[in-house]
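Q: sequence unavailable; structure follows:
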């Protein structure tokens with residue numbers, strides 16, 4: 001068998017020509033081919049080439065100034081970005097890519113991560129696109145912008161999807177996107193180019209990404225930690241066969257998580273079951289109060305997903321200290337199932353997972369009705385119950401897998417504080433007191449972009465809740481309906497006067513009840 005070329009990062013970067021479409025693997029700190037991206041950026045800064053690129057990704061990768069997706073964020077280097085997310089709000093001001101979008105220097109398109117994953121699979125099979133209902137009635141619906149979030153994108157003439165009728169029903173058809181070069185990451189490559197991902201906490205959709213690239217006539221380059229002799233890799237562990245790999249780049253110092261976010265551990269890949277890191281004591285905050293109320297919506301044995309924002313920051317702690325983690329099937333769209341989610345910057349992985357599968361299969365499971373409960377963040381909510389997480393003001397965050405999950409789960413619990421920007425609260429003897437009110441409302445007359453369509457949820461029969469520290473709303477035929485109020489909170493002063501949208505009040509309005517066990521301080 002032919003030997004796979006082993007390239008330097010600079011040689012891999014030279015494979016990209018101006019005008020190419022480049023697909024990149026990775027989510028947060030995992031599966032990021034950072035050495036190759038670094039060389040590609042350096043080449044552009046030194047030579048001005050390659051220019052006019054189209055960058056494509058599922059989830060934002062490399063959370064930090066100047067790394068990951070940010071390496072494409074130079075004027076003239078990138079013309080269009082098609083991705084699930086751009087930059088989380090907490091470092092939006094430091095994101096060059098978000099800055100280019102804000103300044104209308106790029107054609108920025110946001111599409112659901114699950115749709116992008118499916119697009120790669122369909123492209124790899126030679127099919128023209130993805131037929132789905134994900135995105136119906138939201139800002140990615142071609143009748144409402146097609147995912148374009150910058151004026152350049154809106155006037156580019158580029159069409160991500162169209163509405164079609166099939167079997168008497170209405171569908172969205174997302175068009176396949178040919179790929180010229182794919183940069184992915186794996187753990188090991190043998191001399192022929194077979195790839196294994198034994199140390200990678202997630203697989204994302206690198207197989208589908210590679211298939212799409214080869215079907216497009218493009219090249220697949222993998223950054224790997226080590227090179228093995230031909231035939232020495234266990235074929236049962238090979239995720240990408242050599243026929244899909246054009247070259248590899250060796251990065252011996254490659255870690256499970258880029259930039260030393262966490263030490264490598266076999267527990268992230270299920271190679272060895274280890275006790276999870278200690279769960280540090282957390283003082284009761286408004287966010288914790290929300291999380292403890294939210295978990296009341298879980299029943300033992302259910303399949304549960306937690307999303308970006310308050311859920312991944314607070315719920316892992318609540319799951320572990322309450323014992324709920326041992327009674328549910330925790331799932332993350334990146335492929336891990338079971339085990340413990342450590343939250344924060346490790347939220348895309350699980351400690352002691354029972355299985356790790358491709359994102360394609362996880363999203364198929366979700367959209368097929370397999371997800372019982374999803375806990376998701378909320379940046380804006382309107383009186384109809386629509387939710388926005390993609391863009392607030394100038395902050396372009398994106399949606400990742402939010403849309404695929406929110407539109408598919410049987411029950412969706414949106415979690416967040418009632419207002420944002422300087423909010424300070426305290427909880428004493430089960431009563432909530434507003435110490436300093438938040439400057440900015442979350443409950444608004446009209447959301448900036450519809451990321452979750454409440455009308456779809458009603459048609460699909462989903463159960464929808466909006467949990468905050470002072471009020472719990474449910475989606476009803478009347479729209480946003482207040483069903484619970486926290487002790488210590490005044491309906492008119494603390495809720496109605498602090499919202500910009502109207503809402504109904506349930507005739508059997510109840511107090512928020514939260515049971516928090518005594519947790520020993522670490």
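A: Structure's in. What do you need? If you're wondering where the values come from, they're calculated on a predicted model, not measured in any experiment.

Q: check the offset of the host helix or strand of residue 360 from the chain's centre.
A: If you go by DSSP states H and E, residue 360 is part of helix 359-365. Relative to the chain's own centre, helix 359-365 is displaced by 14 Å; criterion: Cα atoms, centre = their mean, to the nearest Å.

Q: residues making contact with it?
A: Helix 359-365 is touched from outside by 58, 113-114, 117-118, 120-121, 202-205, 208, 331-335, 337, 371, 401, 404, with contacts defined as Cβ atoms under 8 Å, 6 or more residues apart in numbering. Yep, even glycine has a C-beta here, placed from its N, CA and C like the rest.

Q: right, and residue 382 touches residue 448 too?
A: No: counting by Cβ atoms under 8 Å, residue 382 sits too far from residue 448 to count as a contact (10.0 Å).

Q: so the two - more neighbours on which side?
A: The residue with more neighbours, out of residue 382 and residue 448, is residue 382; 22 against 16, by other Cβ atoms under 10 Å.

Q: dump the residue contacts of that one.
A: Residue 382 makes contacts with 443-447, 480, 501, as judged by Cβ under 8 Å, 6+ apart.

Q: likewise for residue 490?
A: Contacts of residue 490 were listed using Cβ under 8 Å, 6+ apart, and none were found.

Q: if I look at residue 40, how far off is residue 251?
A: Using Cβ to Cβ, to the nearest Å, one obtains 14 Å as the distance from residue 40 to residue 251.

Q: neighbour-wise, which of those two wins?
A: Neighbour count, other Cβ under 10 Å: between residue 40 and residue 251, residue 40 has more, with 27 against 17.

Q: re earlier: any buried residues in the helix holding residue 360, and which?
A: Residues of helix 359-365 classed as buried: 359-360, 362-365 (neighbour count, 16 or more other Cβ atoms under 10 Å).

Q: ok, stretch 161-174 next?
A: By neighbour count on 16+ other Cβ under 10 Å, the buried set for stretch 161-174 is 161, 171-174.

Q: likewise stretch 410-425?
A: For stretch 410-425, the neighbour count (16+ other Cβ under 10 Å) marks 410-420, 423, 425 as buried.

Q: dump those residues into TSV; add pLDDT as well.
A: As requested, the buried residues of stretch 410-425 are arranged in TSV below (pLDDT from 0 to 100):
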residue	pLDDT
410	98
411	98
412	98
413	98
414	98
415	98
416	96
417	96
418	97
419	96
420	92
423	93
425	91
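
Q: for these, which one is nearest residue 470?
A: Ranking those by separation from residue 470, with Cβ to Cβ as the measure, puts residue 418 on top at 5.2 Å.

Q: which ones among the buried residues of stretch 161-174 are found in strands?
A: In strands, defined here by DSSP state E, the members of these are 161, 171-174.

Q: format the residues you listed as JSON lines; extra columns: pLDDT and distance to residue 184.
A: Converted to JSON lines, those look like this (pLDDT from 0 to 100; distance: Cβ to Cβ, whole Å):
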{"residue": "161", "pLDDT": "97", "distance to residue 184": "25"}
{"residue": "171", "pLDDT": "97", "distance to residue 184": "30"}
{"residue": "172", "pLDDT": "98", "distance to residue 184": "27"}
{"residue": "173", "pLDDT": "98", "distance to residue 184": "27"}
{"residue": "174", "pLDDT": "98", "distance to residue 184": "22"}
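
Q: got those as a markdown table, with distance to residue 351 columns?
A: Formatted as a markdown table, those follow (distance: Cβ to Cβ, whole Å):
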| residue | distance to residue 351 |
| --- | --- |
| 161 | 37 |
| 171 | 39 |
| 172 | 36 |
| 173 | 39 |
| 174 | 34 |
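
Q: that older thread, now the contacts of residue 382: which count as buried?
A: Buried residues within the contacts of residue 382, defined by neighbour count using 16+ other Cβ under 10 Å: 443-444, 447, 480, 501.

Q: all helices for the stretch 201-350 of the chain, in order.
A: Counting by DSSP state H, counting those that start in this stretch, the segments of the stretch 201-350 of the chain that form helices are 206-215, 286-294, 310-322.

Q: same deal with the stretch 1-150 of the chain?
A: Along the stretch 1-150 of the chain, the segments classed as helices by DSSP H, counting those that start in this stretch run 9-13, 34-47, 96-102, 113-124.

Q: and the shortest one, what's buried?
A: Of the residues in helix 9-13, those scored as buried under the neighbour-count criterion (16+ other Cβ under 10 Å) are 9, 12-13.

Q: quick one: residue 346 and residue 97, what's the gap?
A: Using Cβ to Cβ, one gets 23 Å for the distance from residue 346 to residue 97.

Q: so for the two, which sits in the more crowded spot?
A: residue 97 (26 against 22).

Q: correct me if wrong: that one contacts residue 73.
A: Yes: applying Cβ under 8 Å as the test, residue 97 and residue 73 come out as touching, 4.0 Å apart.

Q: circling back: so which of the buried residues of stretch 410-425 is the closest to residue 236?
A: For residue 236, the closest of the buried residues of stretch 410-425 turns out to be residue 410, at 34.6 Å, with distances computed as Cβ to Cβ.
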